[in-house]
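[1] One predicted model, sequence on top.
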Amino acid sequence: MNLTPDLKQAVERAGDEPVRLEDPETHLAYVLVKEEDYRKLREAFGVEKVDPSFFEFGEFVPLDER
């Protein structure tokens, strides 16, 4: 997936800060961060492997409810 021109502008304006996005239909908020920052966060929290279900589309089911 690539950045749209509008998202690219938002990223450039944000500088080193994350970009907050909101789905206009669901009003769910998302935060877009630079990959380098994301990796640093994962390292800081000791996350070695990302659950692939985070990248799947569809309904989210918490791991403890599977």
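    Arrived safely, thanks for sending.

[2] Surely Leu21 and Val31 touch.
    Yes: assessed by C-beta atoms under 8 Å, Leu21 is found in contact with Val31 at 7.4 Å. (C-beta placed from N, C-alpha, C; glycine too.)

[3] got a list of what the nearest residue to Val33 once chain neighbours are set aside touches?
    The shortest distance from Val33 to any residue that is not its chain neighbour, by C-beta to C-beta, 6 or more residues apart in numbering, is 4.5 Å, and that residue is Pro18. Contacts here follow C-beta atoms under 8 Å, 6 or more residues apart in numbering; on that basis Pro18 touches 31-33, 37.

[4] Scan those residues and report the most crowded one.
    Per-residue neighbour counts (other C-beta atoms under 10 Å) across those peak at Val33, which has 16 neighbours.

[5] and that residue, how far is that from Val11?
    Computed as C-beta to C-beta, to the nearest Å, the Val33 to Val11 distance reads 10 Å.

[6] before we move on, what about Val31?
    Summarising the geometry, the distance separating Val31 from Val11, computed by C-beta to C-beta, is 12 Å.

[7] shared neighbours, the two?
    Where contact means C-beta under 8 Å, 6+ apart, the residues bridging Val31 and Val11 through contact with each are Val19.

[8] pLDDT below threshold where in the chain?
    Scanning the chain with the threshold set as pLDDT under 70 gives 48-66.

[9] would you put the C-alpha positions of stretch 35-45 in PDB?
    Extracted in PDB, the C-alpha atoms of stretch 35-45 (Å, rounded to 0.1, in the frame of the first residue of the first chain):
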ATOM      1  CA  GLU A  35       8.800   2.300  10.400                       C
ATOM      2  CA  GLU A  36      12.000   3.200  12.300                       C
ATOM      3  CA  ASP A  37      10.000   4.500  15.200                       C
ATOM      4  CA  TYR A  38       7.700   1.400  15.200                       C
ATOM      5  CA  ARG A  39      10.700  -0.900  15.300                       C
ATOM      6  CA  LYS A  40      12.100   1.100  18.300                       C
ATOM      7  CA  LEU A  41       8.800   0.800  20.100                       C
ATOM      8  CA  ARG A  42       8.700  -3.000  19.500                       C
ATOM      9  CA  GLU A  43      12.300  -3.300  20.700                       C
ATOM     10  CA  ALA A  44      11.500  -1.200  23.800                       C
ATOM     11  CA  PHE A  45       8.600  -3.400  24.700                       C
END
